Structure formats: structure tokens, C-alpha cells
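Chemist: How does the following fold in three dimensions:
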Amino acid sequence: MGISFLLIDMKSPGLTVRPIELIDGGHEVNEVFFDNVRVPVENLVGEENKGWTYAKFLLGNERVGIARVGDSKLHLATAKARAKEMGVLDQYAERIADLENQLNALELTSLRVAAGSSGGKPHPASSVLKIKGSQLTQAVSELFVDLEGPSAVMSSETRIFLNNRKVSIYGGSNEIQRTIIAGTILGL
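Modeler: Residues are numbered from 1 along each chain as shown. Model prediction:
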């Protein structure tokens, strides 16, 4: 016996979805409750009892996207332009250059991981991408808040900063990713 993977119509009787309000006031996630929900057998994905295998594959590939390299690079470029506009680029130049270098390295690693996924299994380094990507996403949004100083309290950048706290949790918390890395990459 094992876990099977089923597609479920979100309008199925007995299925209840309750929104979860995030720290920034937004809504991106939900609680989902199942009360005697019936799912037709034809909604089975792949083989019976292979659901965990499929889920691990999907999660591994999701982690590559969670790295959010493109978003972070765009946000960092905006922060750099804002620092220049404010006349404080020299004050933040080292920090910005460091983040740019880390994002470039992460982008190259993302390409290697995507190219290295094979045999129906995600590359184990997807966990590395998830950890580093979440750290850089948070670091870039923190830079933007630091640039804005006290006026950031009322800015959209603070909402982004607060919202980005979740990045180290979803897709498997960074602590779980470290355990995956220990087992799959380091063999511990």
C-alpha cells in the first residue's frame, strides 16, 4: 500500500477552501478541507501507489522555479537604479555587487540543474537552488527597504519584504532542504 496521486475537481462536494491572509494583507494560499470527498478512479495520475514518487519529482522541479532568479535580478536592478537616483549608490555599491554576483552564480547553477534532471528524477541540487534563491530573494527585498529608510514603513517595498519571509518555507522549508541535501548530495 502507498500514496496515489489524484486530480480533484475543486468544486467537489465536501471540499472546502478557506483563504489564509498573509502578513502583508494579501491572499495567495488557502486551507483545504476534505469531508467525505469522492474522487472518480479515472482521476488517478499514473500508477496506483506511485503518488509520492510523482510528488517528489514535481516538488524537485518546483524548487528550481522557487529560486526566482529573474524576479530577484529585476528587483535588484530596480533597487540599484533607486540608489543611484537617491545619490547613495556608493554607500550600497559593495552590497549590490555582491548580490549581483550571487544571482549570476545562482542563474548558472539553475541552468546546470535543469540540464541535469533525467530519468524522471529532479536533480538533487534543486534543493540548493531553493535555499540560495530564497535567501537572495529576501536579501534583495531587504536592500530595498534599507534604501528607503524610515519611509519604507508605509511603502509597497515593506509589504514585499514581509511577503518574502514565506519563501524560505514554501516548497519545503530550508531546513527540510538541508536534510535532502545531506542525504542525496552528501550521502550522510
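Chemist: how is this protein carved up into domains?
Modeler: 5-45, 52-184 (automatic domain parsing).
Chemist: Beyond the strand or helix carrying residue 162, next helix or strand please.
Modeler: Per DSSP states H and E: residue 162 is located in helix 156-163. With elements assigned by DSSP H and E, the helix or strand that comes after helix 156-163 is helix 174-184.
Chemist: thinking in terms of the whole chain, how far from its middle is that next one?
Modeler: 15 Å (C-alpha atoms, centre = their mean, to the nearest Å).
Chemist: Just list what it packs against, helices and strands only.
Modeler: In this structure, helix 174-184 packs against helix 126-148, with contacts taken as 3 or more C-beta pairs under 8 Å, 6 or more residues apart in numbering; DSSP states H and E. No exception for glycine: its C-beta is placed from N, CA and C like everyone else's.
Chemist: out of everything not next to it in sequence, what's closest to the residue nearest the centre of the chain?
Modeler: The residue lying closest to the centre of the chain (C-alpha atoms, centre = their mean) is residue 66, at 3.0 Å. Closest residue in space to residue 66, ignoring its immediate chain neighbours: residue 171 at 4.5 Å, by C-beta to C-beta, 6 or more residues apart in numbering.
Chemist: so who does the one you found touch?
Modeler: Residue 171 sits next to 59, 62, 63, 66, 130 when contact means C-beta atoms under 8 Å, 6 or more residues apart in numbering.
Chemist: Spell out which residues sit in contact with the first one, please.
Modeler: When you say that, I think you mean residue 59. Going by C-beta under 8 Å, 6+ apart, residue 59 touches 122, 171, 172.
Chemist: again, but for the fourth one
Modeler: Contact criterion C-beta under 8 Å, 6+ apart gives 129, 130, 133, 134, 167, 170, 171 as the residues in contact with residue 66.
Chemist: farthest-separated two in those?
Modeler: Pairwise distances across the contacts of residue 66 peak at 14.0 Å for 129 and 170 (criterion: C-beta to C-beta).
Chemist: and residue 19, that's in a strand?
Modeler: Yes. Note on residue 19: a strand contains this position according to DSSP: H, G, I helix; E, B strand; the rest coil.
Chemist: what's the offset of the helix or strand bottoming out on mean pLDDT in the chain from the middle of its chain?
Modeler: Using mean pLDDT, DSSP states H and E, helix 51-66 stands out as the lowest-scoring helix or strand of the chain, at a mean of 82. Centroid displacement of helix 51-66 relative to its chain, using C-alpha atoms, centre = their mean, is 12 Å.
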